[in-house]
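Trainee: I would like to see how this sequence folds:
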Amino acid sequence: MGRDGAPSLSHAKWSSEIAAGGPDHTPVIGWHKFVKRSKLESSCYLVDGCVTFVCGIIDLNGNDRVPVPPTDLVDHLGHLLECTDGSDVSFSVGGETFCAHRAILAARSLVFKTQLFGSMADAQMDRITLHDVQPAAFRILLRFLYTDALPSDTELVKDLESSSATDLLQHLLAAADMYQLDRLKLMCAQKLWDRVSPETVAAMLFCAEMHNCPELKKRCIDFFVEEKNIRSVALTEGYLRLMQGFPSVIEEIRARLVNALKSSTSDYSAEDMLFRVQRDETVLQRYALKEFRSCKRLQGRLATVVACTRSIDLLLDRAAGWEVAFPVSAETFRAHRAVVTSPVF
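Mentor: Residues are numbered from 1 along each chain as shown. The predicted model follows:
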């Protein structure tokens, strides 16, 4: 195809010949020498190093074939999950109930097989309570077990309440790791990577390290050590959490950072940039410590208010010291002047 998008008629060829050219000597249709490389490279068909070939295939036996519709097994299994016909187990997750079929779950996950058909107590229970997974994540996980697919990005947003799509995908990746669903875990990793940014990469790296996803971990570290991302990532709360939870990952990042900067054309030396990152880490730790102390002071004040409230409640229950009475309808309420005249009341 030429640069104008129109097919080339001068190079069009027709073939009905069969040549044994496959890697396993299977019959293939085509030509061993379609066009010379030198001629192709100097032609107008080379665009950004790529050539587009337009192929048309005519099936001469097409009229004799019996039309077979595409498989609808996934649709039927998805409907089975929704209508709960024949379900023999239910899961209570965060106050929500999910019905399912033991045989399907066991066939898809070795963890579910052990849980539902092994020697665990859950094998004898019709209702199982799960504490380590969120309802939205478990709903998507169940649908994946039945349909082998994730919802689209539009449908994914519908499953959200207060959390973001990134948070939901991290919870779903954790659930996939828990039930040893490697395909689902990698699908979540890809969707997370599609949403990566300097603000989210540290949290994604924490999730990847926590739930054994080296594919996502490698990409997050590669993103981090890019010079344009280094300092902005080092000042996020996710990076602080990463420092506290996985110091070994921080050391790995620093080592990669030094190697990357040594081979770059940056105005900063590797030692200078590493010093800047470590300084940013110190600032972040001091900020976290300040916030922690502020939180502790707030908790102390709240405890004092709660203690005062309890004391006032006790004072109201006691008959001693009453100085004023309020007749309301047929009842009389006694109280203390100092309390009812305070700014609180």
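Trainee: alpha carbons only: can I get stretch 98-108 in CSV?
Mentor: The C-alpha atoms that make up stretch 98-108 are tabulated as CSV, following Å, rounded to 0.1, in the frame of the first residue of the first chain:
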residue,chain,number,x,y,z
PHE,A,98,-22.9,-13.8,46.5
CYS,A,99,-24.3,-17.1,45.3
ALA,A,100,-22.1,-19.5,43.3
HIS,A,101,-21.5,-23.1,42.2
ARG,A,102,-18.8,-25.1,44.0
ALA,A,103,-17.9,-27.2,40.9
ILE,A,104,-17.2,-24.1,38.8
LEU,A,105,-15.1,-22.3,41.4
ALA,A,106,-13.1,-25.5,42.1
ALA,A,107,-12.5,-26.1,38.4
ARG,A,108,-11.1,-22.5,38.0
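Trainee: list the buried residues for it?
Mentor: Within stretch 98-108, the residues that qualify as buried are 98-102, 104-106, 108, counting by 16 or more other C-beta atoms under 10 Å. Every residue, glycine included, has its C-beta placed from N, CA and C.
Trainee: what's the answer for stretch 208-223, then?
Mentor: 208-209, 211, 213, 216-217, 219-221, 223.
Trainee: where does pLDDT dip in the stretch 1-150 of the chain?
Mentor: Counting by pLDDT under 70, the stretch 1-150 of the chain contains low-confidence residues at 1-32, 57-63.
Trainee: can we see that at 50?
Mentor: Low-confidence regions of the stretch 1-150 of the chain, defined by pLDDT under 50, span residues 17-20.
Trainee: likewise for the stretch 151-300 of the chain?
Mentor: Counting by pLDDT under 50, the ranges of the stretch 151-300 of the chain that qualify are 161-162, 284, 287-288, 291-292, 295.
Trainee: can you show me the helices along it?
Mentor: When secondary structure is read from DSSP state H, counting those that start in this stretch, the stretch 151-300 of the chain shows helices at 153-158, 165-178, 182-194, 201-210, 214-224, 230-234, 237-245, 247-262, 270-317.
Trainee: what's the angle from the second one to helix 182-194?
Mentor: Using axes from the mean of the first three to the mean of the last three C-alpha atoms, to 10 degrees, the direction of helix 165-178 lies 160 degrees away from that of helix 182-194.
Trainee: now helix 165-178 and helix 201-210, what's the angle there?
Mentor: Using the same axes, to 10 degrees: helix 165-178 against helix 201-210 is 10 degrees.
Trainee: assumed Ile128 was part of a helix.
Mentor: No. When classified by DSSP: H, G, I helix; E, B strand; the rest coil, Ile128 is found to be strand rather than part of a helix.
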